[in-house]
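K.L.:
Structure for the following, please:
(one chain, ligands or ions: 1)
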Amino acid sequence: MKRSLALAVAVLFASGTAFAFHCPKDMKQIDDALAKNPKLTEAQMKDVKAQRAKGEELHKAGKHQESVDELAKAMKTLGVKS
Ligand SMILES: [Cu+2]
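P.N.:
Okay, the predicted model is just below:
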């Protein structure tokens, strides 16, 4: 009984932190892609930078799912695979 409870807590903890670690990883991938002078239009570049900034903001606010969603948009524009 005690053991299954510990396992349940471990699973909960793992699923809760998965997103917390996902955002910085996505942000880094976006930064890396931006550092390579991607071929984007001015409008796309503006969107990507706005989404990157918003993603970081949401991550800091603890809204990891929303952050991942926002960062995913920028990554799609950049052609980065998560
Ligand atoms: Cu996060």
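K.L.:
Which pLDDT value does the model give Leu5?
P.N.:
Here the pLDDT value assigned to Leu5 is 60.
K.L.:
Check Lys81 too.
P.N.:
80.
K.L.:
Lys63: how many residues sit nearby?
P.N.:
Using other Cβ atoms under 10 Å, Lys63 is surrounded by 16 other residues. In this view, the C-beta of every residue, glycine as well, is placed from N, C-alpha and C.
K.L.:
How much space separates it from Cys23?
P.N.:
In this view, Lys63 and Cys23 are 9 Å apart by Cβ to Cβ, to the nearest Å.
K.L.:
Ignoring the adjacent residues along the chain, who's closest to the residue of the chain found nearest the ion?
P.N.:
Residue nearest to the ion within the chain: Cys23 (3.1 Å; Cβ to the ion). Sequence neighbours aside, His59 is the residue nearest to Cys23 in space, at 3.9 Å (criterion: Cβ to Cβ, 6 or more residues apart in numbering).
K.L.:
On the three-state scheme, the one you found is what?
P.N.:
Secondary structure state of His59, per DSSP: H, G, I helix; E, B strand; the rest coil, is helix.
K.L.:
What is the neighbour count of it?
P.N.:
Neighbours of His59 using other Cβ under 10 Å come to 22.
K.L.:
Then Ala61?
P.N.:
Based on other Cβ under 10 Å, the number of other residues close to Ala61 is 10.
K.L.:
shouldn't the residue nearest to Cys23 be in contact with Glu70?
P.N.:
No: taking contacts as Cβ atoms under 8 Å, His59 lies outside contact range of Glu70: 9.1 Å.
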